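Enquirer: following is a predicted model, sequence given first.
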Amino acid sequence: MAGASASATHKFRREKASVCRACGPPLKTPLMDLLDRRFLFVVGKGGVGKTTVATGLALAASRRGKKVLLALVNCRERVSQLLDTEPIGPQIVTIRENLDAVNMTPDAALEEYGMMILKVKAVYNAVFKNRLVRAFLKGTPGLEAWSMLGKAFYHACPPKGDPDYDLVIVDAPATGHALDMLRVPFVIESVAPPGLLRRDAARAVDMFRDPERAGAVLVTLPEYMPASETIELSDALTNELRVPVLHLVINQVLSVLFAEKERPVLETLPSELDEDSEIGGLAIAGRRRVLRETVQARAVRQVCGHVNAPCSELPHYDGLENDPSVMDTLSAALLPPA
């Protein structure tokens, strides 16, 4: 995960997620109130670390005594590698104290969602096992996406009784697919005839738009393309869907190694230095690092200047999947114990 704040003395295993330098100090402690919601979408471009951040948030919430469901969306799951557990499939399993996980697939989610609605297995079989009904359901645009999102939603907000979980965290698909999934309940609410499906979609829309109960956590990298895509994602969530953006996490932020007075010297080193010599190689490496830090700072200012949400930076760390204990450290960095 990505490197962090301004001081070169920051050590990953001791630091908390730093307040973004471009945003200044937030009104409240970063992420402190985030876990009081009931439903969180962790969203971002593929490869930015969504699953790692979602897992870290789930661990942080479970440490605080909340019953948490980490819901993956039909993906090649990595959580089992991050936490050194058995592979996570379409059935909910407990992976840590107070923490369950599931890798939702359309067929399994549709069956569970159908049972949540119809309650009686015989009724479910009569309806959903019918060949013509199944063919109709598979051909209905958006229904597979809603079966997965609806399943996760039901665990956070059942129509009657207490919810199964205090917090559901959805590790959403990559940006475009995530937006398509989130649009489904809004479309169902608008076009579906009155009935159970429309009722549930309307309840979901009501929750997803309520910043006290739900919202999105955006994850990005301090690079131009991910930052630009995050800005577009934030605009789509805020302006089109009116889903609140609650927090921005900038992942893989490099520590600043050089003082301001050193940077111009390194930036202006001659390009013909001998990279094979010890001094030349070090000087060229220093220049490349300074240039990378400069690009990083611009990307951070760009995304933080546009996304209207508290922002945290995470430090760079290699080998997450080779050392599962690091996830506990990362989780503590995201959100220290209360």
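Expert: Cool, got the structure. Numbers count the residues shown, from 1 in each chain.
Enquirer: so which bits of stretch 305-313 are buried?
Expert: For stretch 305-313, burial by neighbour count (16 or more other C-beta atoms under 10 Å) applies to 307, 309, 310, 311, 312, 313. Quick note: C-beta positions are derived from backbone N, CA and C, even for glycine.
Enquirer: tell me who's in contact with the second one.
Expert: Okay, so that is residue 309. For residue 309, the contact set (C-beta atoms under 8 Å, 6 or more residues apart in numbering) comprises 218, 234, 245, 246, 247, 248.
Enquirer: what about the fourth one, neighbour count?
Expert: I take that to be residue 246. If you count neighbours by other C-beta atoms under 10 Å, residue 246 ends up with 19.
Enquirer: follow-up on the earlier one: highest neighbour count among the contacts of residue 309?
Expert: residue 218 leads these on contacts (other C-beta under 10 Å) with 29 neighbours.
Enquirer: show me the contacts of residue 309 that map onto strands.
Expert: 218, 245, 246, 247, 248 (DSSP state E).
Enquirer: can you pull up the bridge partners for the fourth one?
Expert: Pointing back at residue 247 there. residue 217 (DSSP bridges).
Enquirer: helices or strands up against the lengthiest helix in the chain?
Expert: Using DSSP state H, we find that the single longest helix of the chain is helix 278-306. Where contact means 3 or more C-beta pairs under 8 Å, 6 or more residues apart in numbering; DSSP states H and E, helix 278-306 is packed against helix 224-235, strand 245-253, helix 263-267.
Enquirer: mind putting the ones you listed in CSV, mean pLDDT included?
Expert: Converted to CSV, the helices and strands packed on helix 278-306 look like this (pLDDT from 0 to 100):
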stretch, mean pLDDT
helix 224-235, 95
strand 245-253, 93
helix 263-267, 71
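Enquirer: among these, show me which one is buried the most.
Expert: strand 245-253 (a mean of 25; mean count of other C-beta atoms under 10 Å).
Enquirer: for that one, packing partners?
Expert: Judged by 3+ C-beta pairs under 8 Å, 6+ apart, the packing partners of strand 245-253 are helix 50-63, strand 214-220, helix 278-306, strand 311-315.
Enquirer: try 10 Å this time
Expert: strand 39-44, helix 50-63, strand 214-220, helix 224-235, helix 278-306, strand 311-315 (3 or more C-beta pairs under 10 Å, 6 or more residues apart in numbering; DSSP states H and E).
Enquirer: on that earlier part again, could I get the contacts of residue 309 as a markdown table with distance to residue 294?
Expert: Shown next, in a markdown table, are the contacts of residue 309 (distance: C-beta to C-beta, whole Å):
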| residue | distance to residue 294 |
| --- | --- |
| 218 | 23 |
| 234 | 24 |
| 245 | 27 |
| 246 | 30 |
| 247 | 26 |
| 248 | 21 |
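Enquirer: for stretch 158-174, the averaged confidence score.
Expert: Mean pLDDT, stretch 158-174: 92.
Enquirer: correction: the previous question concerned stretch 77-92.
Expert: pLDDT averaged over stretch 77-92 gives 90.
Enquirer: so where's the stretch 201-338 of the chain shaky on pLDDT?
Expert: Per-residue confidence for the stretch 201-338 of the chain (pLDDT under 70) gives these ranges: 265, 267-281, 318-324, 335-338.
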